[in-house]
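>>> Kindly generate the corresponding structure for this input.
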Amino acid sequence: MPERVVFVLFAGPEMPCKVQHALLFSRDIARNGGEAQVVFEGNAPKLLIELQQGQSKIAGLFKMCLDEGLIAGVCKGCAMVHGAVHAAQELGLPLLDGAFGHVSLVPYLRAGMNVIAL
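Numbers count the residues shown, from 1 in each chain. Predicted structure coming up:
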């Protein structure tokens, strides 16, 4: 299964089910021989503050994904708006700003990855 997927996660703390499933889906794809990445965009960087402090119910799952290299990075513009730049940096996540201050999908598309937005 050579699936290649990038999940662009727009949902934040208000939609924990979407966040949890983006993480679960990425692990499932990677575990089955594919390549998966998760990018935090929109409201998603808001959640990084809770995740960095270990206060979220999905902190353990997030840590697994982080350790497995499944988190590609965080939208710099959105992290700035939500006050999550420090949390992203503390977690070692790159701040992505290739598309007018936001995440560019071009590198993922050029790499043949499917883009799924949640």
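
>>> contacts and neighbour counts: CA atoms only from here.
Will do.

>>> least trustworthy helix or strand in the protein by mean pLDDT?
None of the helices or strands of the chain scores lower by mean pLDDT, DSSP states H and E than helix 44-52, at a mean of 92.

>>> Can you list the neighbours in contact with that one?
For helix 44-52, the external contacting residues (C-alpha atoms under 8 Å, 6 or more residues apart in numbering) are 9-13, 19, 56, 58-59, 62, 74-75, 78-79, 82-84, 87-88, 90-91.

>>> Now do the helix or strand just after that helix against helix 44-52: the angle between them, please.
Heading C-terminal from helix 44-52, the first helix or strand you meet, by DSSP states H and E, is helix 59-67. If you take axes from the mean of the first three to the mean of the last three C-alpha atoms, to 10 degrees, helix 59-67 sits at 100 degrees to helix 44-52.

>>> partner residues bridging the closest residue to Asn114 other than its chain neighbours?
Leaving aside its sequence neighbours, Asn114 sits nearest to Val5 (C-alpha to C-alpha, 6 or more residues apart in numbering; 4.6 Å). Under DSSP bridges, the beta-bridge partners of Val5 are Ala36, Asn114.

>>> so how far is the longest helix along the chain off the chain centroid?
The helix spanning the most residues in the chain, taking DSSP state H as the definition, is helix 16-31. The chain centre lies 10 Å from the centre of helix 16-31; the measure is C-alpha atoms, centre = their mean, to the nearest Å.

>>> From the contact counts, what lies against that helix?
Judged by 3 or more C-alpha pairs under 8 Å, 6 or more residues apart in numbering; DSSP states H and E, helix 16-31 is in contact with strand 4-9, strand 35-40, helix 59-67.

>>> now do 7 Å
Applying 3 or more C-alpha pairs under 7 Å, 6 or more residues apart in numbering; DSSP states H and E, one finds that helix 16-31 contacts strand 35-40, helix 59-67.

>>> what does that helix contact?
By C-alpha atoms under 7 Å, 6 or more residues apart in numbering, the residues outside helix 16-31 that reach it are 7, 9, 11-12, 35-37, 58, 62, 65, 70, 118.
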